[in-house]
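Participant: With the sequence up front, the predicted model follows.
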Amino acid sequence: MLDGKCVFCRIIKGEIPAVKVYDDDKMCVFKDVEPKAATHLLAVPKSHFKLLADMDGGQAETLKYMFEKIPAIAEANGCGNGYRLVINQGDDAGQTVFHLHVHILGGEKLGDM
Ligand code: 5GP
Ligand code: ZN
């Protein structure tokens, strides 16, 4: 289920442009508009939910599927030497888009967090 007011749902639907590097029936991966690393992708499920804590069983299956797909997508986008995955959860983490997403960061030596 998608949310008409959510920016990532609108990207999934093609209503807002994004540079998509991978797209199938369960997930979409596109370039972050404000990259924090040489490669900065966002992997999003095609189902709108904010937090891991909100996930239903089908969404959890999709997240598992996403983690199976991410290594090849990262490698194909300049992250063959390693990458970092980040999932911000809630206010203290600075989550700004309330559609669960996995940041894929790499393409260069990343600093410590
Ligand atoms: P969060 O802080 O919620 O974990 O990450 C949200 C990310 O979405 C940020 O890195 C931000 O740059 C990115 N973002 C926000 N709006 C857009 C957009 O319209 N298009 C794209 N490609 N990325 C976006
Ligand atoms: Zn959404």
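Facilitator: That came in fine, so what should we check first? Ligands and ions are numbered 1, 2, ... in the order given.

Participant: Next one: the closest residue to residue 85 other than its chain neighbours from residue 82, what distance?
Facilitator: Excluding the flanking residues, the one nearest residue 85 by C-beta to C-beta, 6 or more residues apart in numbering is residue 102, at 5.5 Å. Where you see a C-beta, it was placed from the backbone N, CA and C, and this is true even at glycine. Per C-beta to C-beta, to the nearest Å, residue 102 is found 16 Å from residue 82.

Participant: between these two, which one's more packed in?
Facilitator: More crowded of residue 102 and residue 82, by other C-beta atoms under 10 Å: residue 102, with 19 against 11.

Participant: got the residues of the chain near ligand 1?
Facilitator: Neighbours of ligand 1 within the chain, by C-beta under 6 Å from any ligand atom: 7, 16, 18, 30-34, 42, 88, 94-97.

Participant: Got a PyMOL select line for the buried ones in these?
Facilitator: The following PyMOL line selects those of those that are buried, judged by 16 or more other C-beta atoms under 10 Å:
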select buried, resi 7+18+30+32+42+88+95
